[in-house]
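Visitor: I would like to see how this sequence folds:
(one chain, ligands or ions: 2)
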Amino acid sequence: MHITRLSDALGAEVTGVDVSDIDDAEFAEIHAAFLDYQLLVFRDQTLDPEPHIEFSERFGPIETRPDRPFTLPGYPEVSVLSNRIVDGEPVGVISAGDFWHTDLSFGEIPCRATFLHALEVAEEGGDTEWSNIYTAYDTLSDDMKERIADLRCIHVFDRRRNRRAQVDKQFADKADEVYGVPVQDAVHPMVRHHPETGRKSLYISPRFVVGIEGMDDDEAQPLLDELFAHQIRPEFRYRHRWRQGDLLMWDNPCLIHIGRGNIKPPGIRHMHRTMVLGDRPH
Ligand code: OGA
Ligand code: MN
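Guide: Ligands and ions are numbered 1, 2, ... in the order given. The predicted model follows:
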């Protein structure tokens, strides 16, 4: 197995391993690299749904929901992300992440790790970009660290309640529910401790955070604007140009990410995704 850093900000490429067939020693190496680099890119993976699920489950329980649309037949654990249209109907979620976010932070127990496997990639467009929110926290001034130390943020799924987001055309009539299930707001600490490393991150995102508990918007919104801008400073980021066969896994407590979209027709980008749950943010 070879592990090579991808950028100064975050991420490593892993070659010489087949994730559908790893032993405990390889798992230990992958796990350690995951904590060190926050995002791992496994190249050239042929991955059926079962091994995709099995590999994911080594990191936590898989998040599934009843009646979630666009899962693989027989595999409610695996979501399809795709811009393919068949007989006028989409076969997957078309834009899964068009604003900076960390996965499922609107839930009481958010997503720990996301596993996204590229079966087909478009010639142009469809990049994904991550930003390191450990570094975002570390580089705040001491005054700011003190100011935000005990703040708690309100995470909301419904885009209509977020002036920084726009309603997703594909799910416009379902803006207040996640795949058939209405969701309650979640409140999480603005400064989160990573469940394994214990390091602090600036655990907010413009897609899901709409306010600060107990703080007037006159004060909260400018503070959020300042922190959202800081979170995505170019030097904190890594942008991935997908290749067919890439399996990416990323650590949601310490990264935010965005799907850059803009797939140039007739390009098709078709992916399978699993998510595993982590701890209650503290
Ligand atoms: C996701 C996500 C972005 C992309 O799957 O959680 O945000 O580029 N995807 O597909
Ligand atoms: Mn996402």
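
Visitor: whichever helix or strand residue 248 is part of near ligand 2 anywhere?
Guide: Using DSSP states H and E, residue 248 maps to strand 247-251. No: contact of strand 247-251 with ligand 2 (CB under 5 Å from the ion) is absent, the minimum separation being 8.7 Å. All C-beta spots, glycine's among them, are computed from the backbone N, C-alpha and C.

Visitor: which strands and helices sit next to that strand?
Guide: Packing contacts for strand 247-251, counted by 3 or more CB pairs under 8 Å, 6 or more residues apart in numbering; DSSP states H and E, involve helix 24-37, strand 39-42, strand 111-120.

Visitor: how about 6 Å then?
Guide: strand 39-42, strand 111-120 (3 or more CB pairs under 6 Å, 6 or more residues apart in numbering; DSSP states H and E).

Visitor: pick the most buried one from those strands.
Guide: Mean neighbours per residue, mean count of other CB atoms under 10 Å, is largest over the helices and strands packed on strand 247-251 for strand 39-42, with a mean of 24.

Visitor: what lies in contact with the helix or strand that comes right after it?
Guide: The helix or strand immediately downstream of strand 39-42 is helix 49-57, counting by DSSP H and E. Residues outside helix 49-57 that contact it (CB atoms under 6 Å, 6 or more residues apart in numbering): 19, 20, 62, 72, 75, 77, 78, 115, 274, 276.

Visitor: what residues does the stretch 51-200 of the chain have near ligand 1?
Guide: Those residues of the stretch 51-200 of the chain that sit near ligand 1, judged by CB under 6 Å from any ligand atom, are 81, 96, 97, 103, 114, 116, 128.

Visitor: in this structure, what residue comes closest to ligand 2?
Guide: Minimum separation of the chain from ligand 2 (CB to the ion) falls at residue 97, amounting to 3.8 Å.

Visitor: partner residues bridging the residue of the stretch 101-250 of the chain found nearest ligand 1?
Guide: Nearest residue of the stretch 101-250 of the chain to ligand 1: residue 128, at 3.6 Å (CB to the nearest ligand atom). Beta-bridge pairing for residue 128 (DSSP bridges): residue 240, residue 259.

Visitor: same question, residue 191
Guide: Note on residue 191: beta-bridge partners by DSSP bridges are residue 202.

Visitor: against residue 203, how distant is it?
Guide: The gap separating residue 191 from residue 203 is 7 Å, by CB to CB, to the nearest Å.

Visitor: neighbour count winner among those two?
Guide: residue 203 (27 against 22; other CB atoms under 10 Å).

Visitor: mind checking pLDDT for the more buried one?
Guide: With respect to pLDDT, residue 203 scores 99.

Visitor: for stretch 194-202, buried residues please.
Guide: Residues of stretch 194-202 classed as buried: 194, 200, 201, 202 (neighbour count, 16 or more other CB atoms under 10 Å).

Visitor: what about that stretch, start to end distance?
Guide: Terminal residues of stretch 194-202 lie 11 Å apart, using CA to CA, to the nearest Å.

Visitor: what does it rub up against?
Guide: Contacts of stretch 194-202 (CB under 6 Å, 6+ apart): 35, 133, 134, 136, 137, 191, 192, 231, 253, 254, 278, 279.

Visitor: give me the pLDDT for the residue of the stretch 101-250 of the chain closest to ligand 1.
Guide: 98.

Visitor: that one contacts residue 262, doesn't it?
Guide: No: assessed by CB atoms under 6 Å, residue 128 is found out of contact with residue 262, at 11.8 Å.

Visitor: the two: which is more packed in?
Guide: residue 128 (22 against 11).

Visitor: that one and residue 223, how far apart?
Guide: Residue 128 is 28 Å from residue 223, where distance means CB to CB.

Visitor: check residue 162 too.
Guide: 16 Å.

Visitor: looking at those two, which one has more neighbours?
Guide: Counted by other CB under 10 Å, residue 162 and residue 223 do not tie: residue 162 has more neighbours, with 19 against 16.

Visitor: so that one touches residue 211, yeah?
Guide: No: assessed by CB under 6 Å, residue 162 is found out of contact with residue 211, at 9.7 Å.

Visitor: pLDDT below threshold where in this protein?
Guide: For the chain, applying pLDDT under 70 flags the ranges 176-181.

Visitor: which parts of the protein sit against ligand 2?
Guide: Counting by CB under 5 Å from the ion, the chain sits next to ligand 2 at 97, 103.

Visitor: thanks a lot, catch you later.
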